[in-house]
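[1] Take a look and give me a structure for this.
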Amino acid sequence: MGDKTMTADEAVARLESGMTLGIGGWGSRRKPMALVRALLRSPVTDLTVVSYGGPDVGMLAAAGRIRKLVAPFATLDSIPLEPHYRAARESGSLGLMEIDEAMFMSGLRAAAGRLPFLPVRAGLGSDVMRVNPGLRTVTSPYEDESTGVHETFVAMPALSLDAALVHVNRADRAGNGQYLGPDPYFDDLFCEAARTAYVSCERIVDTAELTKAAPPQTLLVKRLHVSGVVEAPGGAHFTSCAPDHDRDEAFQRLYASTPWPEFADRFLSGDEHAYRTAVGAWHEERR
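    Residues are numbered from 1 along each chain as shown. So this is what the prediction gives:
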């Protein structure tokens, strides 16, 4: 099956400026933050980012790496609106395609199925069509049996990705990824919608270990959709990665309340080891 293991920096080195990049997770939950931090260390910029947005969006927006964002929201969960994303939007530094959550999911599903679009009811009767004038509707060729009407739907375009970054609890060296928490967060769709996908995980295990303590249904990401596997313990920090670790709420509050240049200089000026050391030192100062 091949050994696809690599470092976060090696994975990011395969990305290019101008790409459409999908980032898995949801809000401030199980985000591939070690990969995002590696991306911030790289020269890659001018990205179209597709994400159920959290601090991944906030950091990349604050660093000026996003040209356009496709998202239904950008939140830190316990902090409703991602503050660095908000600052970027208020300054007009990035474009935005804001759509309904179900439309977003359908866009990923269309890309995963290599379809140009999928019809959805979500968005009808809302301002989503007004704020996205490029969206189109489509009329069903089939007559509704009860009403005789040919129903109209939003034609949600495929959210085709050049690359995807996701984080899971466990993975093997071939790229099979397993989640052990309460929700898959559509990470499988991100991988299937992308030409290449890079999976970071809390721990790499032998393939046989994946189903010893959890059922086969937890094998969310299939190896055929994965280009690289990165072992990154704590790689979702400061977002949650249940059951391995909770969200670091204190550090998230620091992130949300600190001007970006100051935060980046203190915590993101070195490699991943330097980041963890700086975070540990900050927690020690609070005690």
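[2] Tell me which stretches of the stretch 51-200 of the chain form strands.
    66-71, 95-98, 117-120, 136-139, 152-157, 161-171, 177-178, 194-204 (DSSP state E, counting those that start in this stretch).
[3] Turn those strands into TSV, including distance to F186, mean neighbour count and mean pLDDT.
    Any C-beta I mention is one placed from the backbone N, CA and C, and that applies to glycine too. Formatted as TSV, the strands of the stretch 51-200 of the chain follow (distance: least, Cβ to Cβ, whole Å; neighbours: other Cβ atoms under 10 Å; pLDDT from 0 to 100):
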stretch	distance to F186	mean neighbour count	mean pLDDT
strand 66-71	13	20	98
strand 95-98	17	16	97
strand 117-120	14	19	98
strand 136-139	23	13	97
strand 152-157	14	20	97
strand 161-171	9	27	98
strand 177-178	13	26	98
strand 194-204	12	23	98
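[4] Out of these, flag the one nearest P261.
    Closest to P261 of the strands of the stretch 51-200 of the chain is strand 66-71 (Cβ to Cβ; 17.1 Å).
[5] Report the angle between the closest one and strand 161-171.
    Using axes from the mean of the first three to the mean of the last three Cα atoms, to 10 degrees, the inter-axis angle of strand 66-71 relative to strand 161-171 is 60 degrees.
[6] Give me the helices and strands touching strand 66-71, please.
    strand 47-51, helix 55-62, strand 95-98, helix 101-112 (3 or more Cβ pairs under 8 Å, 6 or more residues apart in numbering; DSSP states H and E).
[7] Within its sheet, name the partner strands of the third one and how each one runs.
    Pointing back at strand 95-98 there. strand 66-71 (parallel) (DSSP bridges).
[8] Contacts made by the strand it pairs with with the rest, please.
    Identification of contacts with strand 66-71 by Cβ atoms under 8 Å, 6 or more residues apart in numbering yields 18, 46-53, 57, 60-61, 85, 88, 94-99, 104, 107, 159.
[9] What's the ChimeraX syntax to select whichever of those are buried?
    To isolate the buried members of the contacts of strand 66-71 in ChimeraX, using 16 or more other Cβ atoms under 10 Å:
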select :47,48,49,50,51,52,53,57,60,61,85,88,94,96,97,98,99,104,107,159
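[10] related to what we said a few turns ago, possible to save the helices and strands packed on strand 66-71 as CSV with distance to G148?
    Putting these into CSV (distance: least, Cβ to Cβ, whole Å) gives the following:
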stretch, distance to G148
strand 47-51, 38
helix 55-62, 45
strand 95-98, 35
helix 101-112, 26
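[11] and A236, which of those is closest to it?
    helix 55-62 (10.2 Å).
[12] Dump that closest one to PDB, restricted to CA.
    Listed next in PDB are the C-alpha coordinates belonging to helix 55-62 (Å, rounded to 0.1, in the frame of the first residue of the first chain):
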ATOM      1  CA  PRO A  55      -8.800  29.700  13.600                       C
ATOM      2  CA  ASP A  56      -7.500  28.200  10.400                       C
ATOM      3  CA  VAL A  57      -9.300  30.900   8.500                       C
ATOM      4  CA  GLY A  58      -8.500  33.600  11.100                       C
ATOM      5  CA  MET A  59      -4.700  32.900  11.000                       C
ATOM      6  CA  LEU A  60      -4.400  32.700   7.300                       C
ATOM      7  CA  ALA A  61      -6.600  35.800   6.800                       C
ATOM      8  CA  ALA A  62      -4.600  37.800   9.300                       C
END
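[13] re the thing from before, S140: which of the helices and strands packed on strand 66-71 is closest?
    helix 101-112 (15.4 Å).
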